[in-house]
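In: Fold the following and give me the result.
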Amino acid sequence: MAYTDAQLDTLQYVSKATAALSIFGSLGSILAFLFWRRFQTATARLVFFMSIADLMSVISRFIGRWGIMAGTESFLCQFQAGVMQWGDISSILWTAMISLNLVLILYMGLSLDDILKYEKYYVVICYSAGVVMAVVPVFVDSANGNNLYGDAILWCWITSTHPYHQLAFLFIPLWVVFLFNAVIYAWVGRLIWQTAKSVSGTGRSQYKYIYGKNVSLYLAAFIIVWTPGSLNRIYIMATGSSCYAFAIMQAFFSPLRGFINFAAYFYLTWFVQVKEEERRSRSQGNGFQKYSEYSIDIPLTPNFPQDESYRHITLSKGSIC
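Out: Below you'll find the model as predicted:
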């Protein structure tokens with residue numbers, strides 16, 4: 001079912017509005033990490049790299065149909081599609097790396113200092129895979145000799161006449177990561193529930209609880225952003241027609257991830273730390289022990305083990321959130 005002109009205009013307005021929010025959100029995440037020490041936390045390093053991919057993707061979505069109007073074979077259209085594809089794949093993979101870090105810390109028992117050693121490999125994998133998945137469609141000709149990139153209704157991307165290529169280059173990788181993230185999110189939720197029931201715990205278990213609770217916000221954001229687009233794709237595959245309700249939800253949420261990630265980033269690195277600093281100032285006035293300068297909610301008190309295993313989970317720089 002083709003959209004009416006009024007429906008198409010509405011979809012464009014919605015997608016451009018949320019893309020504009022995400023441009024500011026992604027820029028905010030990047031600039032905050034670069035210039036404010038408070039925002040230079042361990043998890044924020046991954047969010048910084050993810051925000052670069054998000055920024056490229058949402059800028060391409062903000063361009064909208066300008067690429068199509070320039071001609072589907074034009075440089076603008078092909079560049080828009082390629083940059084969007086790179087940004088989407090890279091951003092998806094970065095959320096998988098956040099989930100992987102949760103596994104390494106909560107299950108394997110590694111420290112944040114340990115996983116920082118893997119960061120260079122994360123960068124190579126996420127960005128290189130995005131480049132490959134963005135460049136290959138340029139050189140894959142369809143049956144009629146045209147590139148896969150073309151008119152995808154709201155912007156230039158793999159056209160709807162190539163549904164299997166859409167699956168191969170975006171949705172199958174997305175759904176694999178989606179399933180992985182959903183499993184990790186459910187597992188972390190169970191861990192948080194179990195830890196919350198405990199009236200006492202070791203420093204290491206409390207550390208895991210805090211880290212899992214905070215970082216899982218990014219996994220929740222991923223699920224929120226990509227669910228409408230996935231439902232829309234499944235509906236089209238099942239019925240062979242489009243659904244305007246799903247399309248409007250996809251137009252709203254798909255470009256919004258830069259803003260949602262920024263909201264989670266700002267909350268964790270600002271409000272959580274401000275709340276902790278207020279609690280710390282009150283506790284110091286009541287005779288409590290001081291807290292580590294760089295560790296949120298990890299007090300250095302006699303109740304926490306001061307052995308090698310506890311020292312191993314603290315960061316030399318930055319907080320855990």
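In: ok, Leu170 - how many residues close by?
Out: 20 (other C-beta atoms under 10 Å). Just so you know, the C-beta spots here come from the backbone N, C-alpha and C atoms, and that holds for glycine as well.
In: show me where this structure has helices.
Out: 5-35, 42-63, 66-69, 75-106, 112-116, 119-139, 163-166, 172-197, 203-239, 244-253, 257-266, 272-285, 308-311 (DSSP state H).
In: contacts for stretch 228-240?
Out: Stretch 228-240 has contacts (C-beta atoms under 8 Å, 6 or more residues apart in numbering) with 163, 166-167, 171, 174-175, 178, 242-243, 246-247, 249-250, 252-254.
In: if we can go back for a sec, identify whichever of the helices of the chain lies nearest to Trp157.
Out: Of all the helices of the chain, the one in closest proximity to Trp157, counting by C-beta to C-beta, is helix 75-106 (4.8 Å).
In: show me where pLDDT drops low in the stretch 51-200 of the chain?
Out: 141-146, 192, 195-200 (pLDDT under 70).
In: which residues touch Ile59?
Out: Contacts of Ile59 (C-beta under 8 Å, 6+ apart): 19, 23, 83.
In: Report how many residues lie close to the nearest residue in space to the second one that is not next to it in sequence.
Out: Distances taken as C-beta to C-beta, 6 or more residues apart in numbering place Val58 nearest to Ile23, at 5.5 Å, with adjacent residues excluded. The criterion is other C-beta under 10 Å. On that basis, Val58 has 29 neighbouring residues.
In: Run a quick check on Val58 versus Ala17, I expect a contact.
Out: No - in this structure, Val58 is not within contact of Ala17 by C-beta atoms under 8 Å, at 11.4 Å.
In: Please work out the average pLDDT along stretch 266-274.
Out: For stretch 266-274, mean pLDDT is 72.
In: okay, now Thr43: neighbour count?
Out: Residues near Thr43, counting by other C-beta under 10 Å: 23.
In: That one and Leu268 touch, don't they?
Out: Yes - with contact defined as C-beta under 8 Å, Thr43 and Leu268 form a contacting pair (7.3 Å).
In: Check which residues of stretch 129-145 are buried.
Out: 129-130, 133-134, 137 (16 or more other C-beta atoms under 10 Å).
In: With distance to Ser91 as extra columns, can I get the residues you listed in TSV?
Out: Formatted as TSV, the buried residues of stretch 129-145 follow (distance: C-beta to C-beta, whole Å):
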residue	distance to Ser91
Ala129	11
Gly130	8
Met133	12
Ala134	12
Pro137	18
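In: which one of those residues is nearest Ser90?
Out: Gly130 (3.6 Å).
In: That closest one reaches Ala53, doesn't it?
Out: Yes - applying C-beta under 8 Å as the test, Gly130 and Ala53 come out as touching, 6.8 Å apart.
In: Sounds good, over and out.
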